[in-house]
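Q: Sequence first, predicted model second:
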Amino acid sequence: MGIFSFFTKKETKETYDKGLQKTRAGLFDKLKRAVAGKSKVDDEILDELEDILITSDVGVDTTLKIIRRVEERVSRDKYVDTAELDKLLKEEISALLAENNHENFEDFSLPEGKKPYVVMVVGVNGVGKTTTIGKLAYQFQKRGKSVMLGAGDTFRAAAVDQLKIWSERAGVSIVEKGMGADPASVAFDTLNSAVAKGCDLVLLDTAGRLHNKVNLMNELTKVKNVMKKVIPDAPHEVLLVLDGSTGQNAFEQAKQFTAATEVNALAVTKLDGTAKGGVVIGISDKFKIPVKYIGLGEKAEDLQVFNKEGFVESLFNNS
């Protein structure tokens with residue numbers, strides 16, 4: 001089945017292919033070297049494959065899971081040509097992603113019956129959190145949705161200013177009180193304003209770093225509790241933004257945030273500048289939280305809804 005079966009727009013396919021170019025090149029170059037001069041998949045090649053996946057930041061546990069599955073296929077089929085290895089690997093990674101993502105996100109869409117749909121965006125400073133919010137605002141506004149931004153990262157002046165710029169660029173409303181304001185107060189006012197204006201979507205920025213981890217997580221809890229005073233079931237989504245180029249550090253960030261707050265969606269950014277795209281596979285498998293968005297470039301259009309079939313197709317598109 002071709003990639004156009006998964007992507008309805010040619011531009012989307014091209015964005016995936018271009019954004020995953022470094023990861024794809026690294027993966028295939030290493031695979032080619034591993035199988036050079038060999039006719040079948042043996043233990044030596046499987047050991048090489050294990051190293052390739054780990055150095056692509058798939059993660060040790062997920063890598064071992066994939067290797068076990070490949071070994072079972074090789075054992076069952078008795079003889080697997082090295083030319084078939086990438087096909088076999090592609091199938092097993094696809095199966096793993098299918099198990100760990102309960103749904104496929106087809107486009108930038110919002111669930112019925114929740115207006116405004118409230119997304120609290122969390123993540124450490126430097127991962128592209130505020131930029132991701134701006135790009136999401138642009139994508140949803142382009143599809144006719146009314147969007148309200150909340151500048152809740154009041155501990156960094158740059159974050160407030162950056163979000164104001166994005167609100168102007170995307171043509172959406174923003175609630176901001178400047179640096180040093182109470183983040184919970186910003187959240188409260190943002191939701192009240194969104195309800196009054198009948199907005200479809202609220203995207204709330206939050207602090208990425210306070211004096212220590214406990215303070216940060218306590219602040220996020222406080223913000224969530226204040227939201228519920230306006231909309232009892234808010235936030236509907238807690239979106240954790242991770243920098244894919246940091247590899248294993250992204251795993252540690254996911255571990256900390258998922259332990260402290262109820263993260264139910266992930267956005268993995270900066271995949272275009274790294275050969276560590278395997279982190280998407282590992283994080284999805286380890287935390288059992290769906291990857292909803294991936295960042296494949298600097299332009300607003302380069303933030304894409306994560307399509308697991310399309311992701312694997314692009315990863316293994318060695319044309």
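A: Ah, there it is.
Q: can we go C-alpha only for contacts and neighbour counts from here?
A: Fine.
Q: any idea how far Pro290 is from Glu237?
A: Distance of Pro290 to Glu237, computed by CA to CA, to the nearest Å: 12 Å.
Q: Need the residues touching each of the two.
A: Residues touching both Pro290 and Glu237 by CA atoms under 8 Å, 6 or more residues apart in numbering: Asn264, Ala265.
Q: Name the residue in these two with the higher neighbour count.
A: Regarding Pro290 and Glu237, a neighbour count based on other CA atoms under 10 Å identifies Pro290 as having more, with 23 against 18.
Q: Surely the more buried one touches Val268?
A: No - the criterion here is CA atoms under 8 Å, and Pro290 misses it with Val268 at 10.8 Å.
Q: where do the contact lists of those two overlap?
A: Counting by CA under 8 Å, 6+ apart, nothing touches both Pro290 and Val268.
Q: So what does the nearest residue to Gly208 once chain neighbours are set aside look like in phi/psi?
A: Leaving aside its chain neighbours, Gly208 sits nearest to Val124 (4.0 Å; criterion: CA to CA, 6 or more residues apart in numbering). Val124 adopts backbone torsions of phi -70, psi 160, taken as degrees, to the nearest 10.
Q: Tell me, how many residues neighbour Val124?
A: 20.
Q: So for stretch 50-65, what gets flagged as buried?
A: For stretch 50-65, burial by neighbour count (16 or more other CA atoms under 10 Å) applies to Glu50, Ile52, Leu53, Ile54, Thr55, Ser56, Asp57, Val58, Gly59, Thr62, Thr63.
Q: So which of these belong to helices?
A: Judged by DSSP state H, the buried residues of stretch 50-65 include Glu50, Ile52, Leu53, Ile54, Thr55, Thr62, Thr63 as members of helices.
Q: Now name the helix or strand holding Asn192.
A: helix 183-197 (DSSP states H and E).
Q: Okay, angle between the next helix or strand after that helix and helix 183-197 too, please.
A: Next helix or strand after helix 183-197 toward the C-terminus (DSSP H and E): strand 201-205. Angle, strand 201-205 to helix 183-197, by axes from the mean of the first three to the mean of the last three CA atoms, to 10 degrees: 170 degrees.
Q: Give the next helix or strand downstream of strand 201-205.
A: helix 213-230.
Q: Is Leu201 in contact with Met148, as I believe?
A: Yes - Leu201 lies in contact with Met148 (CA under 8 Å); the separation is 6.3 Å.
Q: which neighbours do the two share?
A: Joint contacts of Leu201 and Met148 (CA under 8 Å, 6+ apart) are Ala194.
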